[in-house]
Each structure stands twice: as C-alpha cells, then as structure tokens.
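Q: Okay, sequence plus prediction incoming.
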Amino acid sequence: MSNTRNTQESQDSQKSQTSENSRKPTDNAADRPSPMEVLRQARGQLAELTGMTAESVSSFEQTDQGWALEVEVLELERVPDTMSLMASYQVELDAQGQLTGYRRVRRYERGRSDPRRTGGH
C-alpha cells in the first residue's frame, strides 16, 4: 500500500514539474523582479562569482536589456580600515535579474575620495 502511495506522489510531483517547465517565459512587466529583488540578486551573484562581499551599490538603473549597477566591493582588508582596498564593479543583469556580465572599473583605498573637479579649471 505504501508503494502505491509513493508512486502516486512521485507521479503528481512529476506532473507539477512538467507543467511548470512547460510555461513559456513572457516579457511581461509583471514578471520582472522588483528593484530590491534585483539588488539582492546582483549582490549575491557577484559575491558567489568573485568570492568578495558587496558592501554597497553606488548606481542602479533599468536598461532596455535589463539592469545596470555599480557595486562597491571590499577587495583587501587592511588595518586601519581606511587603508582597505576597495573596488567598483560594473554589473549587468538581464530582465529577470540574472547576472550576464561584470567587470572591475576602479580600485581605491577606502579612506580616499575621488579628486574634486571644478568647472573648467
């Protein structure tokens, strides 16, 4: 009797998976993840690929292809903390929030700011 029940549960599970897999992905705006979901996915996927923890997101925008972010990452921890080596990564995700590419665009010490630019001088 238990074998019959297990077989039925297995068949029901397979039917459920088949119907989920047969659904066609749509480009409907309702299917797109929310901005917060995209941020979480981007940070997690970048950390998994690079082995480094994302500390913050300094830019974030929706594009025709999906999403574009700039993520600040701790590359090398030093003492004092203001001497730690940071990096900015440009991260691209598709419309569903899956990482499609990334590249490091800048390295800097945590305690240093960008040089100030003045208008025309």
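A: That came through, no problem.
Q: Averaged pLDDT, the strand or helix carrying residue 40. What do you get?
A: Per DSSP states H and E, residue 40 falls inside helix 35-50. Average pLDDT, helix 35-50: 94.
Q: what's the offset of that helix from the middle of its chain?
A: 2 Å (Cα atoms, centre = their mean, to the nearest Å).
Q: all helices for this protein, in order.
A: With DSSP state H as the criterion, the chain has helices at 2-21, 35-50.
Q: quick one: buried residues of the helix holding residue 40?
A: Neighbour-count burial for helix 35-50 flags 38, 39, 41, 42, 43, 45, 46, 50 (criterion: 16 or more other Cβ atoms under 10 Å). Glycine gets a C-beta too; all of them are placed from N, C-alpha and C.
Q: Show me which of these is closest to residue 88.
A: Among those, residue 46 lies closest to residue 88 (Cβ to Cβ), at 11.6 Å.
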